[in-house]
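Peer 1: Next comes the sequence, and after it the predicted model I'd like to discuss.
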Amino acid sequence: MADTEPSPRPAASPLMTLAEVEALARQAHSGQTDKAGRPYAEHLAAVAEGVRARGGSDEQIAAAWLHDAVEDDALSRDGLDGAALSPATKDMILAVTKRPHEPVEAYTARILATPGALLIKEADLAHNADPARLAVLDAATRERLTAKYARVRSLLGLA
């Protein structure tokens, strides 16, 4: 009779620490600036801190650090797939990644359907809509972005 015990599985590679995720995010967005000309890593740090302050898990904080990496082509989809991140972290990153020509309703529905992703988007919107951050933009851009962020917040059920 054949042995029916499962063979031992190879040990999974350890997941990246938050410090390693932060370093990856900073490297991936190196040289990028936001609409106000500030280093993009400042936005990533603010979103990660916003998630932490709202009680987010380490997986959510990791996703916050990388929330724009795929969308901004700072990290390829293959690079994300191969990264030593939990499946939940990868799911959250992809949930908040806007796709070309995607209706905002489909985007927000995906966020709402992905466990943990709403907190990341909430922190992202909070930093994006920070009046001090918007104040340095020209009036037309400020008004356009304010309306855009309000629409997304509404679709996500965020007051």
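Peer 2: Now that the structure is in, tell me what you want to look at.
Peer 1: Chain neighbours aside, what residue packs nearest to the most centrally placed residue in the chain?
Peer 2: With distances taken as CA atoms, centre = their mean, the residue of the chain nearest its centroid is His67 (1.8 Å). Once flanking residues are discounted, His67 sits nearest to Val96: 5.0 Å by CB to CB, 6 or more residues apart in numbering. C-beta coordinates here come from the backbone N, C-alpha and C atoms, glycine included.
Peer 1: per-residue confidence for that neighbour?
Peer 2: Reported pLDDT at Val96 in the predicted model: 98.
Peer 1: can you start the count at 29 instead of 1 from here on
Peer 2: Understood, numbering begins at 29; the last thing we discussed is Val124.
Peer 1: how close does it sit to Ser41?
Peer 2: 25 Å (CB to CB, to the nearest Å).
Peer 1: These two: who's more crowded?
Peer 2: For the pair Val124 and Ser41, the greater number of neighbours falls to Val124 (23 against 7), based on other CB atoms under 10 Å.
Peer 1: any idea how far Arg179 is from Leu186?
Peer 2: Counting by CB to CB, the gap from Leu186 to Arg179 is 11 Å.
Peer 1: Sorry, wrong one. I was asking about His57.
Peer 2: Taking CB to CB, one finds His57 at 26 Å from Arg179.
Peer 1: out of the two, which sits in the busier spot?
Peer 2: The neighbour count for His57 versus Arg179, taken as other CB under 10 Å, is higher for His57 (22 against 13).
Peer 1: thought the more buried one was touching Asp101?
Peer 2: No: the pair His57 / Asp101 is not scored as a contact, 10.4 Å apart, by CB atoms under 8 Å.
Peer 1: Can you report how many residues neighbour Ala160?
Peer 2: Around Ala160 there are 7 residues (other CB under 10 Å).
Peer 1: got the contact list for it?
Peer 2: Going by CB atoms under 8 Å, 6 or more residues apart in numbering, Ala160 touches no other residue.
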